[in-house]
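> what follows is a predicted protein model with its sequence.
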Amino acid sequence: ADPFFRSADAVVGSNPSWFFMVLHHIAPGMPILFRNNMALLEGFDAWDDLPEFWQMVSSFAASPRVAMACKHRLGAEQIFQQIGVRPEYVPMVSLYLQGLRYTPQSDSNVLVYRCSHNGFSQFKTLLQQSAQSRGNLRLTYLEEEIATYRAVVLVPHVPNTISFSDLYAMAMPIFLPAEPHIYTWMWSQSDPYAGPGFSEKQSGRA
């Protein structure tokens, strides 16, 4: 391992997850405080070494020198199913937004929260057309001063968006796709979560 890491008293971090597994494998005596914010296989591409990686995860989770937590239940349950150890569930509570609450202005717009989903541009066009037919509904795509908007349209591009946690903490009215459409949006970019978009799973390798 790098001399800098070997000289540290402890390591605290979150992503990418595989880095901390490898670090523990190289320096098993290093105290590590790890919180998994994303998918466990985010950024992992050494598929031929996947069985060895799961052994590293098992050793990591069982070590008395490691404290392991997950931001979302999906990740915690995936890890439990894979290695039989369930990390602590430590959700997003958005403490950094303390004091910032829903305070809509009388002439405020409805905010359409931007996301990186491949279908967002088409969704935005359809939503704009619907808003124009209403006449009294204006949409904007600028996230400045979010708490002043009348409401927020949020399209989740992954199962655990921080934007949802933040908006919920601010007590914002949130419009989300209903079932079953929510799954079409949420899971089409679920590759790292071993969801339907996971190419290795589709090819039968995982």
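Perfect, thanks for sending it. Numbering: from 1, shown residues only.

> what ranges does this structure have for its helices?
3-6, 17-26, 50-62, 73-83, 120-134, 162-169, 181-187, 199-202 (DSSP state H).

> could you list the buried residues of the longest one?
Judged by neighbour count (16 or more other C-beta atoms under 10 Å), helix 120-134 contains these buried residues: 120, 123-124, 127, 131. No exception for glycine: its C-beta is placed from N, CA and C like everyone else's.

> which one of the residues you listed is nearest residue 182?
residue 123 (12.7 Å; C-beta to C-beta).

> low-confidence bits of the protein, can you list those?
1-2, 108, 134-144, 183-206 (pLDDT under 70).

> need the residue closest to the centroid of it.
residue 160 (3.8 Å; C-alpha atoms, centre = their mean).

> mind listing what residue 87 touches?
Contacts here follow C-beta atoms under 8 Å, 6 or more residues apart in numbering; on that basis residue 87 touches 36, 61, 68-70, 75-76, 79-80.

> kindly reformat these as TSV containing neighbour count and distance to residue 113.
Formatted as TSV, the contacts of residue 87 follow (neighbours: other C-beta atoms under 10 Å; distance: C-beta to C-beta, whole Å):
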residue	neighbour count	distance to residue 113
36	23	24
61	20	35
68	22	31
69	17	27
70	26	24
75	24	23
76	20	26
79	22	29
80	14	31
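
> of these, closest to residue 116?
Looking across the contacts of residue 87 and measuring by C-beta to C-beta, the closest to residue 116 is residue 75, at 19.6 Å.

> excluding covalently adjacent residues, which one is nearest to that closest one?
residue 36 (5.2 Å; C-beta to C-beta, 6 or more residues apart in numbering).

> burial count for residue 156?
18 (other C-beta atoms under 10 Å).

> these two touch, right, it and residue 176?
Yes: the pair residue 156 / residue 176 is scored as a contact, 7.1 Å apart, by C-beta atoms under 8 Å.

> mind listing the shared neighbours of those two?
By C-beta under 8 Å, 6+ apart, the residues touching both residue 156 and residue 176 are residue 182.

> sorry, back to before: contacting residues around the residue nearest to residue 75?
14-15, 17, 68-71, 75-76, 79, 87.

> burial count for residue 117?
For residue 117, using other C-beta under 10 Å, the count is 17.

> how near is the closest residue to residue 82 other than its chain neighbours to residue 65?
Counting by C-beta to C-beta, 6+ apart, residue 82 lies nearest to residue 54, which is 6.2 Å off, once chain neighbours are set aside. Separation of residue 54 from residue 65 (C-beta to C-beta, to the nearest Å) stands at 19 Å.

> ok, residue 160 next?
In terms of C-beta to C-beta, residue 160 sits 27 Å off from residue 65.

> quick one: the residue nearest to residue 82 and residue 81 touch, right?
No: counting by C-beta under 8 Å, residue 54 sits too far from residue 81 to count as a contact (11.3 Å).

> export the helices of the chain as JSON lines, with columns for distance to residue 150.
Putting those into JSON lines (distance: least, C-beta to C-beta, whole Å) gives the following:
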{"stretch": "helix 3-6", "distance to residue 150": "48"}
{"stretch": "helix 17-26", "distance to residue 150": "38"}
{"stretch": "helix 50-62", "distance to residue 150": "45"}
{"stretch": "helix 73-83", "distance to residue 150": "31"}
{"stretch": "helix 120-134", "distance to residue 150": "12"}
{"stretch": "helix 162-169", "distance to residue 150": "13"}
{"stretch": "helix 181-187", "distance to residue 150": "22"}
{"stretch": "helix 199-202", "distance to residue 150": "40"}
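
> okay then, goodbye and thanks.
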